[in-house]
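1. Give me a model of this one.
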Amino acid sequence: MRDSLRQKIIQVCKKKIDQKGENVGVSFYAFFANKNDDPELLMEAATWWIQTHQLDHFEKARKIVEMVEKG
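-> Numbers count the residues shown, from 1 in each chain. Model prediction:
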């Protein structure tokens, strides 16, 4: 996964945690605007989320941060 996507995931998850608490859930769609202006990046996130890690649609934001930070 490219570094810019890693940073975006961490930033969005930490913001959600700050706003809604430690148990907030996110989906990979949370990292993108409603307009699909970068389908390649969206597919990269979807592949990481769905194929590589077989995550549920919603996962705890703190779990995603930990996974991304560990690589």
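2. Could you double-check that Ile64 sits in contact with Val26?
-> Yes - A contact is recorded between Ile64 and Val26 when judged using C-beta atoms under 8 Å, the distance being 6.3 Å. From N, CA and C alone the C-beta is placed, and that goes for glycine too.
3. ok, and the closest non-adjacent residue to Leu41?
-> Across the structure, with C-beta to C-beta, 6 or more residues apart in numbering as the measure, the residue nearest Leu41 apart from its sequence neighbours is Leu5 (6.2 Å).
4. just Glu69 next, same as before
-> Nearest residue to Glu69, sequence neighbours excluded (C-beta to C-beta, 6+ apart): Ile10, at 6.9 Å.
5. Quick check, the one you found in contact with Arg62.
-> No - using C-beta under 8 Å as the test, Ile10 is too far from Arg62 to be in contact (10.9 Å).
6. Run through the residues that contact the residue nearest to Glu69.
-> Applying C-beta atoms under 8 Å, 6 or more residues apart in numbering, we find Ile10 in contact with Val65, Val68, Glu69.
7. and those residues as CSV, adding pLDDT and neighbour count?
-> Formatted as CSV, the entries for the contacts of Ile10 read as follows, by pLDDT from 0 to 100; neighbours: other C-beta atoms under 10 Å:
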residue, pLDDT, neighbour count
Val65, 97, 19
Val68, 97, 17
Glu69, 96, 10
